[in-house]
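Asks: Quick one, structure for this:
(2 chains)
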Amino acid sequence: MAQNTITNEEKKKAAAEAADAKQEKKEKASSEEIEKLKKESEEAKKALDEVGQSPDEIEAMFNKRESVDLTPANCRFYRSEGGLISMELTLPEKEVEQFERIVVLRSFPISNPDEYISIREPSTRRRGNGAEIGLIRNMHDFDEATVKLLNEELDRRYFTPELLKIYSLKEKFGYLYCEAETSAGRITFVLNNPYSNFRTLEDRRVLISDIDGNAFMIKDPENFDKASLKKIEIYL
Amino acid sequence: MKLMFDLPEAEEKLFLAAADPSEKRMYCLPFNIEGKQFVNDGYMVFTDQFIYKILHQEIVAKYDLANMKDFSTEIHYGSCGFYAKVDGDTTLLCRFVTGRHMPRYTAMIKACELLAERASKEPITNNEPERFCSKCGRPFIANTHYCPFCQDKKEVYRKLWAMTRGMRLMMCFPLFAAIISMVIRFVLPAVQKNAINNFITNPSVDIHDNKTLIHFIVIIAAIVMLDIVHRAVNVIQSRISAVSGNKFTQMLRALLFEKIQTLSMSSIQKKSTGDLMGRINNDVSVVQNFMTGLLPTYFSQLFSFVLALTLLIWLDPAMCLYVFIPLPVAVAAIIGFRKIMNRRNVRAWVLGQRTNHKLQDQLNGVRVIKAYGREDLAVEEFENCTERQAKQDRSNAKLFDTFFPFVGFAVRFGSYLITLFGNLALFGGTMSVGDLNQFTSYSNIIYEPLMQITAIPRNISNFTTSLSKIFEILEEEPEVADIGLPLDIRIEGDVSIRNVTFGYDSYNPVLEGINIEIKQGEMVGVVGHSGCGKTTLINLIMRLYDVTEGEILIDDVNIKDISQNALRSQMGVVLQETHLFSGSIRDNIKYAAPHATNDEVVAAAKLANAHDFILNLPEGYNTMVGEKGFSLSGGERQRIAIARALIHDPRIMILDEATAALDTETEKLIQDAINKVVKNRTTFVIAHRLSTLRNANKLIVLDHGHLAEFGTHKELLDKKGIYYHLVMAQRKAALEKQ
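Replies: The predicted model follows:
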């Protein structure tokens, strides 16, 4: 027993010593590394200066633009020649920027459609997702014409027809085939997973997403006619 | 995918009137959304000079391709848009439903670019599979080309029939057995009738008469014998159908698995592991269950129904009426009750699923719950779920227990009528007790199948769907296939990639126009942002996919001409996520070369810096790893994977992010191993940490699918491009860390 303890202690001691040695070695190694890195980065800086590229330009290559708060004071929206939205951005101490086309996105498309509207550069295939130019806290800070313009684009982008009446609803082969009247006309659509494609929100609205990527909305199922409600009830 | 839709007659006329005869029609696609409405008569017609937009039988816009550029598609919420710059202004050309047309319009981007440059004489094609039935427009069953509405069912059954060759006799036996047992069921009441009429209700019977006694004993013996035969047939039938069902299932599963193994990576990647497992397990079970369980049952029920009906009519047509008068009510009651119960059961099932899901969610996140002190919220949410489920279950049980007896009553109502009128006839003397007994027995047989009748269509459609899903895999052609006489060459290791373009979806190239020449024995680093096509490039070199355009040559031989077996057996691969199979470490290292000796195993392990840690494991090279085995650290697994790749001395070695998830010290060990490995081998190394690539002879820098830079470390640093910046950024980060 006693011997055991001793050996254990010895072991511990040995281990501690080994760890210390390791640590020292590591520190030494890492300090060497730092020196090396520093040297290299200085060389790089020198090289950079020779080429004459400004650090800003290089930053711009790797960092996307910084998003700003958009207010009626610093930006103006107008219809573009192509029927979409153009924007003029005036930031203090910077040149006025013109955007031929901007993309408008909602941060909370379902719960707060009018707030936190993100204004972005369009995505391109080469550069990937477009950067955010700025964020509008509340769309209604802007004048009516602008709100109308933005809403027109948003309605297009968040195309969510309202379901008005359900003509038929059949579950077959694991799919749900539905024929319905919507605010955008009569349509047939298919759900691949009926029980998770219906999403009931807190304010009783129901969002439906179909296999094609369409989105539909029921404002309040209680207001449906009886026949339609009966068909759809079990999925809610 | 179809890029040339037919215009309806009116639109066709309109278009022909508007377009110049010299224009060549290249593509024609429908679009479905305009303003706030769905439309079903919108078409975009692409000629070699113009784009015509036709809506409501009018040409609403005509765009000159010569003035257009920057074509793009954007996915919106609930729809998509096709955009282009017309005279320098971005314009929304049309909107369409995502799932149906997004791939088509994305293919149009490339097509329109070519048209705008006047560079294409022939339309481009798109090999993407259609996801929608061309006949009825409904979507195919997930991951298949099977439209349950339009598929010729006979075709499927014919294939199944062809497949049962060699087992038919065995599989038909349950049907014969069912008929035999049915016949016995019908004979039994007739014999019983004889017994009742001749002995039980016959007052003049003289039991002391030997002849009568023998007659009586024979009848009783016949009843017993019939029962014994009946049971014996049932026993034999169950045994045989168990065996034949078993054999059939085994055969189908083996066929499926074999086929999946021969399929190329691209077709496997399109299906999820879950989907494939589902087909091997569930769909095969559904098919087997139907063929050996449900089918004989339905068959015998149909048989007995028809037989019982004939017999009843033959026995007493008038009494038959009483059987059938309550039938409509009974069927209606069953269907109605089933419908209601089904809805409620589904509801209960959904609530049960939700409870399960919540439970899993909350238990998995228990650390987070505790860390944020939200235990009450978790309890409350869970209680809500269970309460709703319990409520639904309770109400279902109440309804079922209350109304099921009534349904039973409705179904049995006919037999009450028969009892009533039968007895009246009995008292009137127009019917004997034996006749009545026989009649009642047959009418019971008629009612039996009724309870199941509602489930038949659903079972048949499930069966057909499962069967089609199985056949789809069995009939799929592997996309990457060997040519007729593939070469078995000994690879030296020169790799040249010429003009290679590739996309997992043909319209969306991941790599474009890549040109690289690599000499034998070079170590090549592949660098770039995530998603820039590094792994794809490696997949192409391994020929897990075939290039869309261009060619890849190894030792000046196109890899399409080399047999896949020869190619892969001379390549070694280490991936970031190392999969070790269940088994010992030795088995895993020997995986690529089953006949390797222990010498070779140890040599490979030493080369991979794995030998030392393996010996520190309790069972050395015999230690079990994999799912149920000894759990190794990421670095250890990685080194075993390197040893596995080294065992057959590959000419080309591929390390895909092999060091990404490791700490610095382990990385150093692996780095060491890599340095040993690369000697005399062409090696491709994908790495995030550029320090791993310090010794690389050449570096490939990819940027969004294009070859941005190619050269040695020094050349690229001098160039001050992307690589230079990546190096600087990492150094900066390293400095800050220190």
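Asks: quick one, phi psi at B:Val368?
Replies: The main-chain torsion angles of B:Val368 are listed as degrees, to the nearest 10 and equal phi -70, psi -40.
Asks: count of residues packed around it?
Replies: Taking other CB atoms under 10 Å in any protein chain shown as the neighbour definition, B:Val368 ends up with a count of 11. C-beta: built from backbone N, CA, C; applies to glycine.
Asks: Check B:Thr47 too.
Replies: For B:Thr47, the neighbour count with other CB under 10 Å is 19.
Asks: In contact with it, which residues?
Replies: Counting by CB atoms under 8 Å, 6 or more residues apart in numbering or on different chains, B:Thr47 touches B:19, B:23-26.
Asks: a markdown table please, covering the residues you listed and showing distance to A:Leu150, neighbour count and secondary structure.
Replies: Listed next are the contacts of B:Thr47 as a markdown table, based on distance: CB to CB, whole Å; neighbours: other CB atoms under 10 Å in any protein chain shown; DSSP: H, G, I helix; E, B strand; the rest coil:
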| residue | distance to A:Leu150 | neighbour count | secondary structure |
| --- | --- | --- | --- |
| B:Ala19 | 38 | 18 | coil |
| B:Glu23 | 39 | 15 | coil |
| B:Lys24 | 41 | 13 | coil |
| B:Arg25 | 38 | 16 | strand |
| B:Met26 | 37 | 24 | strand |
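Asks: and which of those is nearest to chain A?
Replies: Nearest to chain A among the contacts of B:Thr47, counting by CB to the nearest CB, is B:Met26 at 21.4 Å.
Asks: Of all residues in chain B, which one is closest to chain A?
Replies: Across chain B, the shortest distance to chain A (CB to the nearest CB) belongs to B:Thr98, at 3.1 Å.
Asks: isn't that residue right up against A:Gly213?
Replies: Yes: with contact defined as CB atoms under 8 Å, B:Thr98 and A:Gly213 form a contacting pair (3.1 Å).
Asks: between these two, who's got more neighbours?
Replies: The neighbour count for B:Thr98 versus A:Gly213, taken as other CB under 10 Å, is higher for B:Thr98 (21 against 17).
Asks: Quick check: that one vs B:Leu169, distance?
Replies: Computed with CB to CB, to the nearest Å, the distance linking B:Thr98 and B:Leu169 is 52 Å.
Asks: all strands of chain A, in order?
Replies: Using DSSP state E, the strands of chain A run over A:68-69, A:75-79, A:85-89, A:97-99, A:103-108, A:112-120, A:132-138, A:163-172, A:175-182, A:185-191, A:198-200, A:206-209, A:215-218.
Asks: And for B:Phe189, the neighbour number?
Replies: One correction, residue B:189 is Pro, not Phe. For B:Pro189, the tally of surrounding residues (other CB under 10 Å) stands at 21.
Asks: Might you enumerate the residues of the stretch 51-200 of chain B proximal to chain A?
Replies: By CB under 8 Å from any CB of the partner chain, the part of the stretch 51-200 of chain B that sits against chain A consists of B:70, B:72, B:74-81, B:85-92, B:95, B:97-100, B:102, B:109, B:138-139, B:141-142, B:148.
Asks: swap the cut-off to 6 Å and go again
Replies: Residues of the stretch 51-200 of chain B lying close to chain A (CB under 6 Å from any CB of the partner chain) are B:76-79, B:89-91, B:97-100, B:139, B:148.
Asks: Helices - which of these land there?
Replies: Among these, the subset assigned to helices under DSSP state H consists of B:98-100.
Asks: Let's see the pLDDT reported for A:Ile211.
Replies: Note on A:Ile211: pLDDT of 85.
Asks: who's in contact with it?
Replies: A:190, A:192, B:139 (CB atoms under 6 Å, 6 or more residues apart in numbering or on different chains).
Asks: just curious, which of these is nearest to B:Val156?
Replies: Ranking these by separation from B:Val156, with CB to CB as the measure, puts B:Pro139 on top at 18.8 Å.
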